[in-house]
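S.K.: Pasting a predicted model and its sequence here:
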Amino acid sequence: MNFFSSMVDYINSIIWGKNIIVVLLVGTGIFFTLSMKFMQIRLLKDMAGLLVKNNKKSESGISSFQAFCVSTATRVGAGNLVGVVAALSVGGAGSVFWMWIVAVFGAATGFVEATLAILFREKDKRGDYVGGAAYYIQKGLGPKWNINMRWLGIIFVFFAMICWGGVLQVISNSVTESFHVAFGIDVKIMSGVLAFFAAIVIFGKKDKIVKVLEKMVPFMAFAYLILVAFILVKNIAVIPDVFKRIFEEAFGIRQAVGGSFGAVVMEGVKRGLFSNEAGTGSAPSAAAAAEVNHPAKQGLIQALGVYVDTLVICTATALVVLVTKENVIEGLGGMKLLQEAFRYHVGDWGVIFIACVLFLFAFSTALGITYYAKPNLIFIADKDWLQTAFKIFACCMLFYGGMKQAFLVWALADLGLGLMAIVNIFAIIPLRKYAFNSLKDYEKKLKEERNL
């Protein structure tokens, strides 16, 4: 186990520590942003409008809103709470700024990969749409380079399983820790409860996950943001100083002297990616199932999801922590830090509230991951037993992760995420013109409609 742990840390030290992922993701996002003339800013109004209007579901697909909820479910999870706290603990307030940077440029990347997912999707033996990174690797890169690229798609799925196995354990551990702090519930009992409720949904009918998430995601996000808004209004006087601190620390005015500027950037980028998934190839698994009459529409909707996750929910979590007096949370980490911050602002019930919200966030993430896994496993083999095996695996990871705190779990999640991103970026850059052309066609038709 020590050898395995050392190997994981070594690989992470290369792909994360040497800034390979930072350069790939931010560089790709900037390249796409410039190529598409800042579409994620120009078309922001259209993104929101499409989410409401494009709500058609067919027998072979889900609605755009449902696809948005599935991808948001996995984005809005432990990364928005625990991940943000981890970034602040290691990188300080400045890491928040780099989360924002990842989100703005990541929205362009999110558009490209989601649009490609629609363009290269197919139907499974049940007649349902399936697609994602593995599919556009095989169906896009293969013909483009005139070679069989299925092997790279299989490698992507393998990396995804490593990442999702780690994430399931991370979110479960966060839930059991928060409930132990709030209610004194034994972690083994809470692990079993989370795994049990997840099993009820994921072993249900094929559209049960989507229907649950369609209702759960808006509710949990709204409830969390309402309380955060109350806290921020209550502390409105210190908000300007908090933003000043974010910008000062982001550019290493204080950190450069201490040699920790790299940690500020790294934690912001890493946790921003862990939270919003832009560029990793995860979200296209949900986007591919959406019923849309133009590929670019789903790309725009998925780009909006990156904003909602990082610019809204991650920022909300960060601000609550940063407006808390330092002596209240000094020496704390993880969920205990966040719960104590909420206790400081709204009393003991804030601890209970965070525990319940995290349960919903974690539960929705587990369901979203199970939904993501389906088309990826179908890419390997369209066999029912393979789907069942993953569902059992997911429940086991939730149960095991809730009982044992292990830094290796975070390391595995980071490893899988980083490797997924490398393979996905390797695919979407050569295939970018398909998405660019789809955007041009969409904007052309949009202009024609407005001129009528």
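M.R.: Good, I have the coordinates. Numbering: from 1, shown residues only.

S.K.: quick one: low-confidence ranges for the stretch 201-350 of the chain?
M.R.: Scanning the stretch 201-350 of the chain for pLDDT under 70 picks out the ranges 204-210, 214, 216, 252-276, 331-335.

S.K.: if you set the cut-off to 90 instead, what comes out?
M.R.: Applying pLDDT under 90 to the stretch 201-350 of the chain flags residues 201-232, 234-294, 297-298, 301-350.

S.K.: And the helices in it?
M.R.: Here the stretch 201-350 of the chain has its helices, by DSSP state H, counting those that start in this stretch, at 208-234, 239-250, 255-258, 261-276, 284-287, 295-307, 315-322, 326-329, 334-346, 349-380.

S.K.: so which strand or helix has residue 182?
M.R.: In this assignment (DSSP states H and E), residue 182 forms part of helix 150-183.

S.K.: Give me the distance between the residue nearest to residue 423 when sequence neighbours are not counted and residue 411.
M.R.: Using CB to CB, 6 or more residues apart in numbering and skipping residues adjacent in sequence, the residue nearest residue 423 is residue 156, 4.7 Å away. Yep, even glycine has a C-beta here, placed from its N, CA and C like the rest. Going from residue 156 to residue 411 by CB to CB, to the nearest Å gives 20 Å.

S.K.: How about residue 67?
M.R.: 30 Å.

S.K.: Quick check on the two: which one has the bigger neighbour count.
M.R.: A direct count of neighbours by other CB atoms under 10 Å for residue 67 and residue 411 places residue 67 higher, at 34 against 17.

S.K.: Would you agree that one is in contact with residue 301?
M.R.: Yes. Assessed by CB atoms under 8 Å, residue 67 is found in contact with residue 301 at 7.3 Å.

S.K.: How far away from the center of its chain is the helix holding residue 182?
M.R.: Distance of helix 150-183 from its chain centroid, counting by CA atoms, centre = their mean, to the nearest Å, is 12 Å.

S.K.: For stretch 304-311, output the C-alpha coordinates as PDB.
M.R.: Extracted in PDB, the C-alpha atoms of stretch 304-311 (Å, rounded to 0.1, in the frame of the first residue of the first chain):
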ATOM      1  CA  LEU A 304     -23.700  28.000 -17.800                       C
ATOM      2  CA  GLY A 305     -23.400  25.100 -15.400                       C
ATOM      3  CA  VAL A 306     -19.700  25.900 -14.900                       C
ATOM      4  CA  TYR A 307     -20.600  29.500 -13.900                       C
ATOM      5  CA  VAL A 308     -23.300  28.300 -11.500                       C
ATOM      6  CA  ASP A 309     -21.000  25.900  -9.800                       C
ATOM      7  CA  THR A 310     -17.900  28.100  -9.300                       C
ATOM      8  CA  LEU A 311     -18.800  31.700  -9.700                       C
END
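
S.K.: What are the buried residues along the helix holding residue 182?
M.R.: Using 16 or more other CB atoms under 10 Å as the test for burial, helix 150-183 gives 152-154, 156-182.

S.K.: how far off helix 349-380 does that helix point, in degrees?
M.R.: Helix 150-183 runs at 160 degrees relative to helix 349-380, counting by axes from the mean of the first three to the mean of the last three CA atoms, to 10 degrees.

S.K.: shift numbering so it begins at 30
M.R.: From this message on, residue numbering opens at 30, which makes the last subject helix 179-212.

S.K.: The residue nearest to residue 452 and residue 167 touch, don't they?
M.R.: No. Using CB under 8 Å, residue 185 is not in contact with residue 167, being 9.8 Å away.

S.K.: what helix or strand does residue 79 sit in?
M.R.: Residue 79 belongs to helix 73-82, assigned by DSSP H and E.

S.K.: could you say what helices and strands that helix packs with?
M.R.: Where contact means 3 or more CB pairs under 8 Å, 6 or more residues apart in numbering; DSSP states H and E, helix 73-82 is packed against helix 93-104, helix 324-336.

S.K.: make it 10 Å
M.R.: When contacts are defined as 3 or more CB pairs under 10 Å, 6 or more residues apart in numbering; DSSP states H and E, helix 73-82 sits against helix 68-71, helix 93-104, helix 123-148, helix 324-336, helix 461-480.

S.K.: how about the shortest one: buried residues?
M.R.: Residues of helix 68-71 classed as buried: 68-69 (neighbour count, 16+ other CB under 10 Å).

S.K.: ok, and what's touching that helix?
M.R.: 58, 61-62, 65, 75-76, 132-141, 325, 328-329, 332-333, 335-336, 465, 468, 471-472 (CB atoms under 10 Å, 6 or more residues apart in numbering).
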